[in-house]
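Novice: Whatever this is, show me its structure:
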Amino acid sequence: MNVKDAVAKRIQNLCAEKNISLNQLAVLSGLTPSTVYSIMDSNRRDISIITIKRICDGINIDLQSFFSDDTFYNLEPDIK
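Specialist: Numbering: from 1, shown residues only. Here you go, the predicted structure:
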């Protein structure tokens, strides 16, 4: 799994844990729904750390908690 897919998976898991939709996540995070949905798009490659930070702020977790998840272990290298 690459890092972008891992971020999308982590966001989906957090939404499920907190029982919120992607639209609700967008509102809580001060993002547009299109921004949140584009993160889930497998064709999109880059996600800014600022966007991830806003998502974390919206659901009241810190960046360390976001990235301290099994999802981020054993990621494939981005440089090939």
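
Novice: and the longest helix seen in the chain, how far out from the chain's middle?
Specialist: Ordering each helix of the chain by length in residues (DSSP state H) puts helix 3-18 first. Centroid displacement of helix 3-18 relative to its chain, using C-alpha atoms, centre = their mean, to the nearest Å, is 5 Å.

Novice: for stretch 36-50, same thing?
Specialist: How far stretch 36-50 lies from its chain's middle: 8 Å, per C-alpha atoms, centre = their mean.

Novice: Quick one: name whatever helix or strand follows the longest helix of the chain.
Specialist: Helices and strands here follow DSSP states H and E; after helix 3-18, the next one along the chain is helix 22-29.

Novice: From the contact counts, what lies against that next one?
Specialist: With contacts defined as 3 or more C-beta pairs under 8 Å, 6 or more residues apart in numbering; DSSP states H and E, the packing partners of helix 22-29 are helix 3-18, helix 33-40, helix 49-58. Where C-beta positions appear, they are placed from N, C-alpha and C, glycine not excepted.

Novice: Brilliant, that's me finished.
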